[in-house]
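Undergrad: Just the structure for this:
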Amino acid sequence: MKFNNISYGGSKIYYRSIGKGRPVVFIHGFAEDGDIWKNQIELLKDSCHLIIPDLPGSGKSQMINDMSIEGMAATINAILDEEQIEQCTMFGHSMGGYITLAFAEKNEQRLTSFGLIHSTAYADSEEKKANRLKSIEFVKKNGAFEFLKAVIIDLFTETW
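TA: Okay, here's the model as predicted:
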């Protein structure tokens, strides 16, 4: 599959631009890349113009200075500018849903509609925020590989 890229904040951001028709953006979640949307690509490529980024720091894309949810939403806005897309439908999975909401907050005029997939519009609980901060500190101290080794076991059931 062919990738396009833009330079955003001095970093290369890669995305797929597939098909013709109504623009639809699919935003992946944490620790994923645009490949998770392969089934949707096959189903929609003949009727929609699909924009599927690898978010900064994911897939082929480099990290940007502002790796916040708002920074990633601004990256999506830059991709739409590059593609000369004025309005689109946007779907966000998990963390991609948070990015979709941040995008909607700043760029409401660019959206015809949006959807959240396994995501929420509610703020994280204090417990979830505290766990995220613990994870960040663990990664800083031990590295990403050790973090993944520690958490991957919880991603699967015993029967899997």
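
Undergrad: Flag the helix or strand of the chain with the lowest per-element mean pLDDT.
TA: helix 144-151 (a mean of 81; mean pLDDT, DSSP states H and E).

Undergrad: Other residues contacting that one?
TA: 135, 138-139 (CB atoms under 8 Å, 6 or more residues apart in numbering). C-beta here means a position set from N, CA and C on the backbone, and glycine is covered the same way.

Undergrad: can you give me the offset of that helix from its chain's centre?
TA: 21 Å (CA atoms, centre = their mean, to the nearest Å).

Undergrad: Buried residues in that helix, which are they?
TA: F147 (16 or more other CB atoms under 10 Å).

Undergrad: Ok, stretch 45-55 next?
TA: Under the neighbour-count rule (16+ other CB under 10 Å), stretch 45-55 has 48-55 buried.

Undergrad: Tell me which two in the residues you listed are the farthest apart.
TA: Farthest pair in these (CB to CB) is C48 and L55. Separation: 20.2 Å.

Undergrad: And for G34, the neighbour number?
TA: Residues near G34, counting by other CB atoms under 10 Å, number 25.

Undergrad: Could you measure from it over to F103?
TA: Distance, G34 to F103, using CB to CB, to the nearest Å: 16 Å.

Undergrad: again with Y122
TA: Computed as CB to CB, the Y122 to F103 distance reads 17 Å.

Undergrad: Comparing those two, which residue is more hemmed in?
TA: F103 (27 against 6).

Undergrad: now the more buried one, nearest residue through space, not along the chain?
TA: A73 (4.1 Å; CB to CB, 6 or more residues apart in numbering).
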